[in-house]
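[1] My questions are about this predicted structure, shown below with the sequence.
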Protein chains: 2
Amino acid sequence: MTQLDERPVAATDPATDPTSDPAQTWLDSLQAAFAARDVGAATAHFATTCFWRDLVAFSWNITTVEDRPGVVELLSATLDRVDPTDLRLSEPSSSEDGVRTAWFEFATAVGRGRGLVRLVVDDATGREVAWTFLTTLFELSGREEPRGTRRPMGAEHGANRERVTWAERRAAEEAALGTETQPYVLVIGGGQGGIALGARLRQLGVPSLVIDKHARPGDQWRNRYKSLCLHDPVWYDHLPYLKFPDNWPVFAPKDKVGDWLEFYTRVMEVPYWSSTVATSASFDEAAGEWRVEIEREGRPLVLRPTHLVLATGMSGKPNVPVIPGQDVFAGEQHHSSQHPGPDAYAGKRVVVIGSNNSAFDICGALWETGADVTMVQRSSTHIVKSDSLMEIGLGDLYSERALAAGMSTEKADLVFASLPYRIMHEFQIPLYERMRERDADFYARLEAAGFDLDWGDDGSGLFMKYLRRGSGYYIDVGAAELVADGEVKLARGQVDHLTEDAVVLADGTTLPADLVVYATGYGSMNGWAADLISQEVADRVGKVWGLGSDTTKDPGPWEGEQRNMWKPTQQPNLWFHGGNLHQSRHYSLYLALQLTARHAGMATPVFGLQEVHHLR
Amino acid sequence: MTQLDERPVAATDPATDPTSDPAQTWLDSLQAAFAARDVGAATAHFATTCFWRDLVAFSWNITTVEDRPGVVELLSATLDRVDPTDLRLSEPSSSEDGVRTAWFEFATAVGRGRGLVRLVVDDATGREVAWTFLTTLFELSGREEPRGTRRPMGAEHGANRERVTWAERRAAEEAALGTETQPYVLVIGGGQGGIALGARLRQLGVPSLVIDKHARPGDQWRNRYKSLCLHDPVWYDHLPYLKFPDNWPVFAPKDKVGDWLEFYTRVMEVPYWSSTVATSASFDEAAGEWRVEIEREGRPLVLRPTHLVLATGMSGKPNVPVIPGQDVFAGEQHHSSQHPGPDAYAGKRVVVIGSNNSAFDICGALWETGADVTMVQRSSTHIVKSDSLMEIGLGDLYSERALAAGMSTEKADLVFASLPYRIMHEFQIPLYERMRERDADFYARLEAAGFDLDWGDDGSGLFMKYLRRGSGYYIDVGAAELVADGEVKLARGQVDHLTEDAVVLADGTTLPADLVVYATGYGSMNGWAADLISQEVADRVGKVWGLGSDTTKDPGPWEGEQRNMWKPTQQPNLWFHGGNLHQSRHYSLYLALQLTARHAGMATPVFGLQEVHHLR
């Protein structure tokens, strides 16, 4: 059983004749229009209301165009250069509820891609046209990954007095890196995002280096509070190339995740420096490279990478609120990101300001240790139970059930990627309605305890909140029950000030406290750029994350894609990478291909480079 | 993509109606005879000349019975107890050259199994009967492995003031092991064999411990000569549960194998003590347990395991020949297993006595370092080129080509296991004839250089030599060319004596030497038992490895299976495990199931416990 599931596989079953499949007919016709460079004819293959999402294959960008004018714009700018050919089904198409779904593959002037199209019947013509169209680049010609039939031989057979062994070559490479040789790509941050990208770049032959402040890969997880487990289930969490074995827990404990990341880094031969911090960076426009000052185990060094990837966490820099009285408060106070875990706080009075994931996790762990805990809810929160989310929200794509139905992780990633952000909430709303119904009793108890619940501005639930604002929710693994039961006390309102020994809310409620935890979230990732590079560069890049959905904390205008993630930014040679394990796995491919193309000296004209509408 | 390939999968494709498959008809008929406990009727389903190989499912042994009398004997002893039911195809059968091949699954009174049958037409009756019949136990009822849909949850949801985290539980378990708690199984030797068995026992919930003398898992490989790579290709080498990723080299370098073994041990949570040696062991018959004295990082400790597994290497103890003059030889002399690698011997005169794998590997590495090397060939050797062996010998079962054709590693293991040892050479001979033809020029050059080649007593080549005697061959990765070219000098004949500075052969040839390497092979694995336990127990167990083929170094009578490997021995609660990565992977399952059944207190009456015909 290979793990080459990302690679397109042509339909080879002679029992299914692809030439008789209506989707192949559609592809053939589109191909003819492409070959004729006839933008109008090609566009006629799309519905009036349509979404073409392209991951690097056409646009050298991550972009979605909408409706026929959008298709015209994309094709006019790219068709000649991309030269798409050989569009063919990779398996027979299937139809449900008037929508024909088809997996296909294709070639471009520089590589090979994979796509997914949903066809609907055009009422006017009676012909099938594309409603959603996903095109993704899979590999670059001449830079195919050494996997499967292309895997390296390993042993060098024959006698050779100049033999250099694998271990010797690795040692020499490590000794030279950063002094005699420079990484083409420097990835700052070695959590799952940096490691996954590092693994892909290694595979693609791009000289790279991942640096991280912790002592060992995986410490990003190990160092967190002791009861932490992944909130997403295993099927959603695989890294590229090497899947978790099938005895892996559904929700892996943090130390086990840490061990996996450490060994993955080693097995995938990711160049990785632990105990290393970047202290400043500036882009040398003349040289077209960065000057990055780092400290490796305390020793300063200057690196000269061509590209800089910030993978320091999509949560960005901690938001620590400024509250009158913080200077007189005699107890301990820290941001949730600095919270050392509950062990020191048994019997103490703790006020946790905030009511999202971190707040709940910290409250739960503190309660377990025997602290007297109060949560301060300042605004409404969306809560879903972990098992409901797993079964209803992810089960069709990421589960044993999905695997048994042939839905590999990589296929699921593309199905997910094929749903346009513009209409994704429409697919999400019914799922959350089901969850609300399933767990109605739970929600009633929470509300009875005074908790202010929401389901997102439009009822679309957790995933849209994650994509739009990256906050505002809690995946309940138990702590919400503590609030419902009153075991964790709940206070609602804004914080007015701190006294020497208490938190005082706007309504005068006084909450005695030995410890105040600010579970108040994080700013945009371009805050990292402000700290490391300059405010000017941070402002040039603008806000990172969010869709421009014009919902709470995600101001418009509509962007079509997540701002600045895994794609070119307004700052040349600066990239942002991050997100959960799913995103780290899937989008690292497209970021790695963009970097590889540049390393190979290919032309990479970017279609639709995003404009900046918000600074943070 | 799950890795549950070992698990039987029922045919669920409605396009194939299993009830119309002749193989299902045969299974149904056999099932009826089983249900009626009619040994005669069941036996009538077998050809006059037939081979039933059972891996634990019927026999609580690894055994092959031959022809109808053998079937009668096996069924008479086991049918009532095993109660085989639910025999059904797991995929449609296929026919080629008059042989119908069918995969099936079945249930027994205590578990579930998987099988492979080859049916041929009985000339007398015109009905299909079994020519080869493989039955294997896959899992024990109530001891199903927590994989796939049975995987653990990991996170313990809900608030719990008594929460013990994964890391805490692991730490407590490690602290108690060997003092407060005893391993039910102690595995001595933590190479690929011990690790694979340890992983399976861990999965099966059998308290176990693997001990190894080296400082880290994987050092068994790391500490060998620097140019060593696996001689078998990657597809043949996977460990259970977690396959090498598809970027893994075809022939992995030893240090990369070492890293993988270390990673695997940790990820699979195998209880493993490094820097630990067993100094003596004795079986306490009254208590039904072993008393094993060990030293862990120099500190003595007594363990009380119920079962003892020797996984110290199928090559057994080094054979160091006794040669007159060894006491007067002024240079260095050591067995190949003690050879530190070539680095210290540049410019030195080295005589390597022996002409098998170790001899060639050592000669090649010494030549590369610039030593003056002479190989002494004492008897004929079988040589195949690594790439020919990979393509012709293994390619149908273990290759990218095999994977693309649906031949998973686990399926390949069962195909291989289904070929009866008695006739395996008949399948092997044509493969080696092809290799001989393909590399005719190479062999001609070797013979012209005076090298004495053979192809096994019956021309059946390398794999049969491996199974019969575990020696007598070299998989050429380059060093044979050095002999053919005269770069490594060749001498033929027996060693008569050593002088102060030379090796003298029986014909008077004098070979000046600064170093003599005895690449003279290994004794039987029961030599480990003699050292660790007693000569009495070693003699009771008898020779380990070999088939009783009555060929060179594998004296008869015919045993039908490899002596003492992975199955009960004449010494209660003593087991032998080992072999290459393939065998470590595949047979560890059956050994683990036998141990698990005993741990669970199941009755495990052994059919056909082998007799001892040879002491070493």
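    Done, it's in. Numbers count the residues shown, from 1 in each chain, chains lettered A, B, ... in the order given.

[2] Might you enumerate the residues of the stretch 51-200 of chain A proximal to chain B?
    Residues of the stretch 51-200 of chain A lying near chain B by C-beta under 8 Å from any C-beta of the partner chain: A:145-149, A:151-155, A:157-161, A:163, A:165-168, A:170. For the C-beta atoms, the positions are set from N, CA and C on the backbone; glycine is no exception.

[3] Counting neighbours, which of those end up buried?
    Among these, the ones that count as buried by 16 or more other C-beta atoms under 10 Å in any protein chain shown are A:145, A:147-148, A:151, A:154-155, A:157, A:159, A:163, A:165-167.

[4] tell me the contacts of residue A:380?
    The contact partners of residue A:380, taken as C-beta atoms under 8 Å, 6 or more residues apart in numbering or on different chains, are A:452-454.

[5] Got phi/psi on it?
    Here is the backbone geometry of residue A:380 (degrees, to the nearest 10): phi -70, psi 160.

[6] measure stretch A:263-279 end to end?
    Length of stretch A:263-279, first residue to last, C-alpha to C-alpha, to the nearest Å: 27 Å.

[7] nearest to residue A:220, of the buried ones among the residues of the stretch 51-200 of chain A next to chain B?
    Nearest to residue A:220 among those, counting by C-beta to C-beta, is residue A:145 at 26.3 Å.

[8] still on that earlier bit, pick out whichever of the buried ones among the residues of the stretch 51-200 of chain A next to chain B sits closest to chain B.
    Using C-beta to the nearest C-beta, residue A:154 comes nearest to chain B of those, at 2.6 Å.

[9] what's across from the closest one in the sheet?
    residue B:251 (DSSP bridges).

[10] list the contacts for it?
    Shown in contact with residue A:154 (C-beta under 8 Å, 6+ apart): A:166, B:229-230, B:234, B:248-253, B:256.

[11] Which members of those residues are the farthest-apart pair?
    By the measure C-beta to C-beta, A:166 and B:234 form the most distant pair in the contacts of residue A:154, at 14.2 Å.

[12] Can you name the next helix or strand after the top strand by length along chain A?
    For chain A, the strand that runs over the most residues, judged by DSSP state E, is strand A:128-140. Next helix or strand after strand A:128-140 toward the C-terminus (DSSP states H and E): helix A:166-176.

[13] now the helices for the stretch 401-550 of chain A?
    Under the criterion DSSP state H, counting those that start in this stretch, helices of the stretch 401-550 of chain A are mapped to A:409-418, A:421-438, A:440-448, A:461-468, A:479-485, A:526-532, A:535-541.

[14] quick one: contacts of the last one?
    In this case it means helix A:535-541. A:283, A:526-527, A:529-530, A:564, A:569-571, A:574, A:612, A:615-616.

[15] which other helices and strands contact the next helix-or-strand element following it?
    Per DSSP H and E, helix A:535-541 leads on to strand A:574-576 as the next helix or strand towards the C-terminus. Under the contact criterion of 3 or more C-beta pairs under 8 Å, 6 or more residues apart in numbering or on different chains; DSSP states H and E, strand A:574-576 touches strand A:307-310, helix A:581-599.

[16] Give me whichever of these is most buried.
    Mean neighbour count, computed with mean count of other C-beta atoms under 10 Å in any protein chain shown, is highest for strand A:307-310 among those, reaching a mean of 26.

[17] mind listing what the residue in the stretch 451-600 of chain A that chain B sits nearest to touches?
    Going by C-beta to the nearest C-beta, chain B is nearest to residue A:478 of the stretch 451-600 of chain A, at 4.1 Å. Residues in contact with residue A:478 (C-beta under 8 Å, 6+ apart) are A:364, B:157-160.

[18] Relative to residue A:18, how far out is residue A:93?
    Distance, residue A:93 to residue A:18, using C-beta to C-beta, to the nearest Å: 9 Å.

[19] Apart from its neighbours in sequence, what residue is nearest the residue of the stretch 451-600 of chain A closest to chain B?
    If the residues on either side of it in the chain are set aside, residue A:478 comes closest to residue B:158, at 4.1 Å by C-beta to C-beta, 6 or more residues apart in numbering or on different chains.

[20] re earlier: buried subset of the contacts of residue A:380?
    residue A:454.

[21] Put together TSV for the contacts of residue A:380, with distance to residue B:300 and pLDDT on each row.
    Shown next, in TSV, are the contacts of residue A:380 (distance: C-beta to C-beta, whole Å; pLDDT from 0 to 100):
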residue	distance to residue B:300	pLDDT
A:452	64	98
A:453	62	98
A:454	64	97
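
[22] need the residues of the stretch 351-500 of chain A near chain B, please.
    Counting by C-beta under 8 Å from any C-beta, the stretch 351-500 of chain A comes close to chain B at A:364, A:367-370, A:386-387, A:400, A:403, A:408-409, A:477-479, A:481-482, A:487.

[23] make it 10 Å
    A:363-365, A:367-370, A:385-387, A:399-401, A:403-404, A:406-411, A:476-482, A:485, A:487-488 (C-beta under 10 Å from any C-beta of the partner chain).

[24] what comes up buried for stretch A:496-512?
    Here stretch A:496-512 shows A:496, A:498, A:502-505, A:509, A:511 as buried, counting by 16+ other C-beta under 10 Å.

[25] Those residues into CSV, with extra columns for pLDDT?
    What follows is those, written out as CSV (pLDDT from 0 to 100):
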residue, pLDDT
A:496, 97
A:498, 98
A:502, 98
A:503, 98
A:504, 98
A:505, 98
A:509, 97
A:511, 98
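
[26] Just the residues you listed: which are in strands?
    Per DSSP E, those map to strands at A:496, A:498, A:502-505, A:511.

[27] And for the closest residue to residue A:555 other than its chain neighbours, the neighbour number?
    Distances taken as C-beta to C-beta, 6+ apart place residue A:614 nearest to residue A:555, at 6.1 Å, with adjacent residues excluded. When counting by other C-beta atoms under 10 Å in any protein chain shown, one arrives at 17 neighbours for residue A:614.

[28] which SS class is residue A:614?
    Of the three states, residue A:614 takes coil under DSSP: H, G, I helix; E, B strand; the rest coil.

[29] and the gap between it and chain B?
    The gap separating residue A:614 from chain B is 36 Å, by C-beta to the nearest C-beta, to the nearest Å.

[30] List the contacts of that residue.
    Neighbouring residues of residue A:614 by C-beta atoms under 10 Å, 6 or more residues apart in numbering or on different chains: A:524, A:526, A:542-544, A:546, A:548, A:554-557, A:559, A:563.

[31] ok so, going back, so which of the ones in strands among the buried residues of stretch A:496-512 comes closest to residue A:128?
    Nearest to residue A:128 among those, with distances taken as C-beta to C-beta, is residue A:505, at 59.2 Å.

[32] what sits opposite the closest one in the beta ladder?
    Beta-bridge partners for residue A:505, by DSSP bridges, are residue A:495.

[33] again with the one 5 residues further on
    When bridges are called by DSSP bridges, residue A:510 pairs up with residue A:504.

[34] Among the contacts of residue A:478, which one sits closest to residue A:459?
    Distances from residue A:459 to the contacts of residue A:478, taken by C-beta to C-beta, are shortest for residue B:157, at 25.1 Å.

[35] Next one, pLDDT for the closest one please.
    The per-residue pLDDT reported for residue B:157 equals 80.

[36] Could you double-check that it lies in contact with residue A:251?
    Yes. Assessed by C-beta atoms under 10 Å, residue B:157 is found in contact with residue A:251 at 8.0 Å.

[37] Quick check: neighbours shared by those two?
    Counting by C-beta under 10 Å, 6+ apart, the common neighbours of residue B:157 and residue A:251 are A:229, A:386-387, A:477.

[38] ok, which pair from those is furthest apart?
    Distances among the shared contacts of residue B:157 and residue A:251 were taken as C-beta to C-beta; the most separated pair is A:229 and A:387, at 13.1 Å.

[39] Those two - which one has more neighbours?
    Between residue A:229 and residue A:387, counted using other C-beta under 10 Å, residue A:229 has the larger neighbour count: 25 against 17.
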